[in-house]
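Undergrad: my questions concern the predicted model and sequence given below.
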Amino acid sequence: MDASDTVETRYWEPVGNGRVQCNLCPNHCRLAEGQRGACFVRMNQGGRVVLTTYGRSSGFCVDPIEKKPLNHFLPGTPVLSFGTAGCNLACRFCQNWSISKSRETDTLADSASPEMIADAAVRLGCPSVAFTYNDPVIFMEYAVDIARACHERGVKAVAVTAGYICEEPRRDFFNSMDAANVDLKGFTEAFYEQLCGAQLQNILETLIYLKRETDVWVELTTLLIPGENDSDEELDAMTKWVRRELGADVPHHFTAFHPDYKMSEIPATPSETLARARRIAMGNGLRFVYTGNVHDESGGSTYCPECGHKVIGRDWYEITKWALTADGCCQHCGASIPGVFNGPPGKWGGRRRAVRLGR
């Protein structure tokens, strides 16, 4: 398939009068001829829903895997990262809005076939490719084809996603992924409805599916917004749910908000808020809880839950200590640390390197 084809999608149905309903996500957009969905990239073309951005990208970068953030998946290694345009949520606090809220095809300045991307990952020494910057759910046909091409070359696929997707496409999408960082943006329906234009329950169903029915390595991220989702009560309820439904070993990242997009009047998250969230989560039995978007080596490091020794030290995206065996066990007490480890850590560090792949 050419790098920049428009492709027909699978998850839609006709609803009469020339309209079609997209069934990829709970938005269930009903589209007249030529109309695009809320995500911007799926459109009614000739009475069928097509993906209009197959093979197109807003740009490629080699990032540290910890930036996704993934702390228990191939630590220290570089990941070939890219996004497209659009999003199926409407988060007023989006920290990457210039891409995810883009309605300009000029944003998609690069192009590459799935095979080109997989080959580039190998050439650049990246053991994984990440679909990030905007949600890969909306370009799932392209993402799944890339994941397949990567697997043929021994490269893993990573999804950075809000997890807002219907049941059948959910299975097809995540069956192709090796790891996922899922945004658990808050823990009330009001937060999701008013600030994200989405439904919390669907996200929770995605997380339960991932944990109970797949082998995908899962980590969570919650961006803490002062006065919106950072109360003790909400953090307590959220982390108790994570412990009960997903288990103690799912890493949870609490990250700092900075004023942006439609919430520029909200102050940045204080470091103490992140530390408080971490204490609450660990008090509720979560064993791997991290702080992000702030300088906090203690909150960014991994500790053995059995003996308490630091087994992976991190200063921002730099690995400062490594005390794991080749198979991911604590060198001090032998306890197994959950994750996907492959011998010694990589040495990519905090570098970010932009690359061009296409025409």
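TA: Good, I have the coordinates.
Undergrad: now do the buried residues in stretch 275-290.
TA: Of all the residues in stretch 275-290, those buried under the rule 16 or more other CB atoms under 10 Å are 275-278, 280-282, 284, 286-290. All C-beta spots, glycine's among them, are computed from the backbone N, C-alpha and C.
Undergrad: what does residue 251 show for phi and psi?
TA: For residue 251, the backbone dihedrals are phi -60, psi 140 (criterion: degrees, to the nearest 10).
Undergrad: test my guess that it contacts residue 291.
TA: No. Between residue 251 and residue 291 no contact is recorded; they are 11.9 Å apart, counting by CB atoms under 8 Å.
Undergrad: mind checking the SS state of residue 233?
TA: Reducing the assignment to helix, strand or coil with DSSP: H, G, I helix; E, B strand; the rest coil, the entry for residue 233 is helix.
Undergrad: how near is it to residue 272?
TA: Distance from residue 233 to residue 272, counting by CB to CB, to the nearest Å: 17 Å.
Undergrad: over to residue 245?
TA: The value you get for residue 245 to residue 272, if CB to CB is used, is 28 Å.
Undergrad: comparing the two, which shows the higher neighbour count?
TA: Neighbours of residue 245 and residue 272, each counted by other CB atoms under 10 Å, are more numerous for residue 245; the result is 13 against 8.
Undergrad: can you check the pLDDT for that one?
TA: Note on residue 245: pLDDT of 98.
Undergrad: with adjacent residues omitted, what lies nearest to it?
TA: Sequence neighbours aside, residue 208 is the residue nearest to residue 245 in space, at 5.8 Å (criterion: CB to CB, 6 or more residues apart in numbering).
Undergrad: what helices or strands is the strand or helix carrying the one you found leaning on?
TA: Residue 208 is located in helix 200-213, with elements delineated by DSSP states H and E. Helices and strands touching helix 200-213, as assessed by 3 or more CB pairs under 8 Å, 6 or more residues apart in numbering; DSSP states H and E, comprise helix 167-174, strand 179-183, helix 189-191, strand 217-224, helix 232-245.
Undergrad: can you do 10 Å?
TA: In this structure, helix 200-213 packs against strand 156-161, helix 167-174, strand 179-183, helix 189-191, strand 217-224, helix 232-245, with contacts taken as 3 or more CB pairs under 10 Å, 6 or more residues apart in numbering; DSSP states H and E.
Undergrad: compare the ones you listed and give me the one nearest residue 18.
TA: helix 167-174 (23.6 Å; CB to CB).
Undergrad: buried set for that closest one?
TA: Burial within helix 167-174, assessed by neighbour count using 16+ other CB under 10 Å, is assigned to 169-170, 173-174.
Undergrad: hmm, back to that, okay if I get the buried residues of stretch 275-290 as TSV plus secondary structure?
TA: Formatted as TSV, the buried residues of stretch 275-290 follow (three-state DSSP):
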residue	secondary structure
275	helix
276	helix
277	helix
278	helix
280	helix
281	helix
282	helix
284	coil
286	coil
287	coil
288	coil
289	strand
290	strand
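Undergrad: now these as TSV including pLDDT and distance to residue 70?
TA: Output for the buried residues of stretch 275-290, formatted as TSV (pLDDT from 0 to 100; distance: CB to CB, whole Å):
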residue	pLDDT	distance to residue 70
275	98	21
276	98	24
277	98	19
278	98	18
280	98	22
281	98	18
282	98	19
284	98	22
286	98	16
287	98	16
288	98	12
289	98	15
290	98	10
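Undergrad: could you dump those to JSON lines with distance to residue 126?
TA: Output for the buried residues of stretch 275-290, formatted as JSON lines (distance: CB to CB, whole Å):
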{"residue": "275", "distance to residue 126": "33"}
{"residue": "276", "distance to residue 126": "36"}
{"residue": "277", "distance to residue 126": "31"}
{"residue": "278", "distance to residue 126": "30"}
{"residue": "280", "distance to residue 126": "35"}
{"residue": "281", "distance to residue 126": "31"}
{"residue": "282", "distance to residue 126": "32"}
{"residue": "284", "distance to residue 126": "35"}
{"residue": "286", "distance to residue 126": "30"}
{"residue": "287", "distance to residue 126": "29"}
{"residue": "288", "distance to residue 126": "24"}
{"residue": "289", "distance to residue 126": "27"}
{"residue": "290", "distance to residue 126": "23"}
